[in-house]
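**Q** here is my input, please return the structure:
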Amino acid sequence: KTFETRDPRTGDVIASIAEGDKEDVDLAVKAAREAFDHGKWPRMPGSERGRIMMKYADLVEQHAEELTLLESLDAGKPRTVTRVVDIGTSATSLRYFAGAADKIHGETLKMSTQFQGHTLREPMGVAGLIIPWNFPAIMFFCKVAPALAAGCTMVVKPAEQTPLSALYFAHFAKQAGVPDGVINVITGFGPTAGAAIASHMDVDMVISQHSSFST
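**A** Got it, this is the predicted structure:
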């Protein structure tokens with residue numbers, strides 16, 4: 001099945017998008033679980049994950065004008081603001097968390113006796129990431145970038161009103177060298193695809209909230 005995404009300024013149809021449902025979410029979660037349990041991303045040195053994420057940020061910047069037009073058309077935003085704020089912040093978020101990928105350290109704790117306690121930080125597993133409509137590019141990377149840096153795999157559902165940039169970002173992830181199954185984008189509606197992610201037994205954490213910015 002498909003649904004239409006429209007230009008909110010004119011109501012014109014931009015494109016027809018795949019309408020994911022529970023079965024599609026099941027397939028995406030299965031791919032993410034396979035990539036986490038048996039793939040190389042969680043087992044890759046943080047420095048290597050960071051290198052790939054830097055390349056990912058390079059691709060976002062190299063295609064900034066295309067992304068600006070796409071985001072502006074789909075979300076109804078002024079192009080000048082979209083270029084500087086939305087796309088610029090997206091690349092910055094990627095670079096920030098790319099730099100953090102090899103700095104996820106545990107701690108050594110002095111105990112009350114001759115023993116020592118050690119903490120080890122590890123990737124959580126499969127993350128379900130649900131993106132709001134009003135800052136689709138920024139919120140995509142606010143959630144995807146730290147999950148990538150930590151070594152998690154994920155299923156991402158963009159808002160049905162603004163699905164286009166998430167699909168393009170998934171394309172760039174593959175070009176940058178992110179392995180198959182690490183980022184899975186499911187387009188669809190909240191009561192079906194979104195609810196399926198939120199209730200899926202094989203998802204280790206779900207991150208979903210409305211975005212808000214103030215000046």
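
**Q** and the gap between the residue positioned nearest the centre of the chain and residue 172?
**A** By Cα atoms, centre = their mean, the chain has its centre lying nearest to residue 144, at 2.9 Å. Look at residue 144 and residue 172: by Cβ to Cβ, to the nearest Å, they are 11 Å apart. C-beta: built from backbone N, CA, C; applies to glycine.

**Q** got it, and residue 93?
**A** According to Cβ to Cβ, residue 93 and residue 172 sit 14 Å apart.

**Q** kindly report the same for residue 102.
**A** Here residue 102 is placed at a distance of 22 Å from residue 172 (Cβ to Cβ).

**Q** the two: who's more crowded?
**A** residue 172 (20 against 15; other Cβ atoms under 10 Å).

**Q** show me where the protein has its strands.
**A** Across the chain, reading from the start of the chain, the strands by DSSP state E fall at 2-6, 13-18, 108-110, 116-118, 126-130, 153-157, 183-185, 205-208.

**Q** can you list the weak-confidence ranges in this structure?
**A** 209-215 (pLDDT under 70).

**Q** redo that, cut-off 80
**A** The model of the chain has pLDDT under 80 over residues 208-215.

**Q** show me the contacts for residue 121.
**A** With Cβ atoms under 8 Å, 6 or more residues apart in numbering as the criterion, the residues that contact residue 121 are 104-106, 150.

**Q** pull out the buried residues from those residues.
**A** Neighbour-count burial within the contacts of residue 121 applies to residue 150; the criterion is 16 or more other Cβ atoms under 10 Å.

**Q** now render the contacts of residue 121 as TSV, adding distance to residue 60.
**A** TSV is the format used below for the contacts of residue 121 (distance: Cβ to Cβ, whole Å):
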residue	distance to residue 60
104	23
105	28
106	31
150	20
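
**Q** what's the closest of the contacts of residue 121 to residue 50?
**A** The shortest separation between residue 50 and any of these is 10.5 Å, and it belongs to residue 104 (by Cβ to Cβ).

**Q** got phi/psi on the closest one?
**A** Backbone dihedrals for residue 104, given as degrees, to the nearest 10, come out at phi -90, psi 90.

**Q** where's the residue nearest to it when sequence neighbours are not counted relative to residue 103, distance?
**A** Taking Cβ to Cβ, 6 or more residues apart in numbering as the measure, residue 104 lies nearest to residue 121, with 5.2 Å between them; neighbours along the chain are not counted. Computed as Cβ to Cβ, the residue 121 to residue 103 distance reads 10 Å.

**Q** check residue 88 too.
**A** When Cβ to Cβ is the yardstick, residue 88 and residue 103 sit 24 Å from each other.

**Q** those two: which has the busier surroundings?
**A** For residue 88 versus residue 103, neighbours defined as other Cβ under 10 Å are more numerous around residue 88 (17 against 10).

**Q** quick one, what contacts the closest residue to the more buried one other than its chain neighbours?
**A** In space, residue 88 comes closest to residue 64 once its chain neighbours are excluded; the distance is 7.7 Å by Cβ to Cβ, 6+ apart. Residues touching residue 64, when contacts are defined by Cβ under 8 Å, 6+ apart, comprise 83, 87-88, 91.

**Q** can you do 10 Å?
**A** Residues touching residue 64, when contacts are defined by Cβ atoms under 10 Å, 6 or more residues apart in numbering, comprise 82-84, 87-88, 90-91.
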